[in-house]
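Enquirer: give me coordinates for this.
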Amino acid sequence: MLIAAAVCPCPPLLVPEVAAGAAPELDGLRAACAEAVRALAAARPECLIVVGPAERAGRGPHAQGASGSFRGFGVELDVRLAAPAADGASGGDDAAGRSPSPPPSLPLSLAVAAWLLEHAGWDPAVPVEGLGVGEPLAAERCIEVGRELAGRAERIALLVMGDGTACRTLKAPGYLDERAAPFDAEVARALAAADTGALAALDEELAYELKAAGRAPLQVLAGAAEGAPLKGELRYDEAPYGVGYFVASWSS
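Expert: Here you go, the predicted model:
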C-alpha cells in the first residue's frame, strides 16, 4: 500500500555542478525537493520506488546501487541509486585500490533522483529501486503499473520524477504555447489536492505536444495512490526557463 509520495522535477540543472554559475537560480527548488525527500523518509516506508521518464535504453527496473552519470554535460560527476558510499561494484580494484563504479545505466531522471537522495541524506538501509517509464506508455498501463507497485508491500513510498510542460514562455525549449499554463495549473491543483482522478485523466496527446515529460510517471502515481487516504501539499510551482516544475508531498 502506498503510504507516502513525493513529486520532484528532473532537470539536470537541479545538480549544482551541472548548473555551474546558474546554480543559485534554483536554490529554492533544491530546498523544496530536499524537504519532500525528507518527508518520505519520515513516513518510514519499507521500500522506496523512484519512478521517472526514460528513453528506450533506460526503461524498466533499476536496482539499488545502479549507476548514473552527468558526464554528458561536461561534468565529472557519477551517482549511484541510494547505495552506501563504501559499496563498490564487482570487477576488481583500480590502481588506487578503489572499486570501480558500474557502467551508467540510470536514465537521466533517475540519476537526478539519485543525487537528490544522496544530498537529502536518505538512509541506505531503506531499500530503493528505480523504474524508468517511457513517454509513450498509455495512461491505462501507467495506472496498472502504479497499482502493481503499491501492492508489493504494506508500506511503499514513491519518489516521482517529472517536469511539467516545456512551452510556458517564448524562450522555453518548446516555445510558447497558450495551452501550457492551463495544463500545468491543473497538474498543480491535482498535486495539491492529491487528486488521483485528475492525474489519471491527463490528456496524453496534449502532454506530448506540450513536452510534459512527467505525464507518464504522474499517472503511475495516480494508480499507486488509488484508494489510499493521502493528503497533498504543493511545495513548489514555478516555471523557470519556461518549463513547469512542481514539488509536492502526499502523506497520510
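Enquirer: pretty sure Pro61 is in a strand, no?
Expert: Yes - under the criterion used here (DSSP: H, G, I helix; E, B strand; the rest coil), Pro61 sits inside a strand.
Enquirer: next up, the contacts around it.
Expert: Glu129, Gly130, Leu131 (C-beta atoms under 8 Å, 6 or more residues apart in numbering). The way it works is simple: take the backbone N, C-alpha and C, and place the C-beta from them, glycine included.
Enquirer: among these, which are in helices?
Expert: Among the contacts of Pro61, no residue falls in helices (DSSP state H).
Enquirer: which one among these gets closest to Ala34?
Expert: Comparing the contacts of Pro61 against Ala34 with C-beta to C-beta picks out Gly130 as the nearest, at 18.9 Å.
Enquirer: and that closest one, how far from Leu158?
Expert: 11 Å (C-beta to C-beta, to the nearest Å).
Enquirer: one more: Ala120?
Expert: From Ala120 over to Leu158 the distance is 15 Å, taken as C-beta to C-beta.
Enquirer: the more surrounded of those two?
Expert: Between Ala120 and Leu158, Leu158 has the larger neighbour count (other C-beta atoms under 10 Å), namely 28 against 18.
Enquirer: got the CA coordinates for stretch 197-213 in PDB?
Expert: Only the C-alpha atoms of stretch 197-213 are listed here, as PDB (Å, rounded to 0.1, in the frame of the first residue of the first chain):
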ATOM      1  CA  GLY A 197      -8.600  11.100 -10.800                       C
ATOM      2  CA  ALA A 198      -7.300  14.300 -12.300                       C
ATOM      3  CA  LEU A 199      -3.800  12.900 -12.800                       C
ATOM      4  CA  ALA A 200      -5.300   9.800 -14.400                       C
ATOM      5  CA  ALA A 201      -7.300  12.000 -16.800                       C
ATOM      6  CA  LEU A 202      -4.300  14.000 -18.100                       C
ATOM      7  CA  ASP A 203      -4.500  14.100 -21.900                       C
ATOM      8  CA  GLU A 204      -1.700  12.000 -23.300                       C
ATOM      9  CA  GLU A 205      -1.600  13.700 -26.700                       C
ATOM     10  CA  LEU A 206      -1.700  17.200 -25.300                       C
ATOM     11  CA  ALA A 207       1.000  16.300 -22.800                       C
ATOM     12  CA  TYR A 208       3.200  15.100 -25.700                       C
ATOM     13  CA  GLU A 209       2.600  18.200 -27.700                       C
ATOM     14  CA  LEU A 210       3.500  20.400 -24.700                       C
ATOM     15  CA  LYS A 211       6.600  18.300 -23.900                       C
ATOM     16  CA  ALA A 212       5.300  17.500 -20.400                       C
ATOM     17  CA  ALA A 213       7.900  14.800 -19.600                       C
END
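Enquirer: need the residues touching each of Gly130 and Leu158.
Expert: Residues touching both Gly130 and Leu158 comprise Ile49, Val50, Val51, with contact defined as C-beta under 8 Å, 6+ apart.
Enquirer: phi, psi of the second one?
Expert: Backbone geometry at Val50, expressed as degrees, to the nearest 10, gives phi -100, psi 120.
Enquirer: and it, what is it in contact with?
Expert: Leu81, Leu110, Ala113, Ala114, Leu117, Val128, Glu129, Gly130, Leu131, Leu158, Leu159, Met161.
Enquirer: same thing but 6 Å
Expert: Under the criterion of C-beta atoms under 6 Å, 6 or more residues apart in numbering, the contact partners of Val50 comprise Leu110, Ala113, Gly130, Leu159.
Enquirer: spit out the contact partners of the last one.
Expert: Going back to what we said before, that points to Leu159. Taking C-beta under 6 Å, 6+ apart as the test, what Leu159 contacts is Ala6, Val50, Ala113.
Enquirer: so can I have TSV of these showing pLDDT and distance to Leu210?
Expert: Supplementary listing: the contacts of Leu159 in TSV, determined by pLDDT from 0 to 100; distance: C-beta to C-beta, whole Å:
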residue	pLDDT	distance to Leu210
Ala6	98	23
Val50	98	24
Ala113	98	23
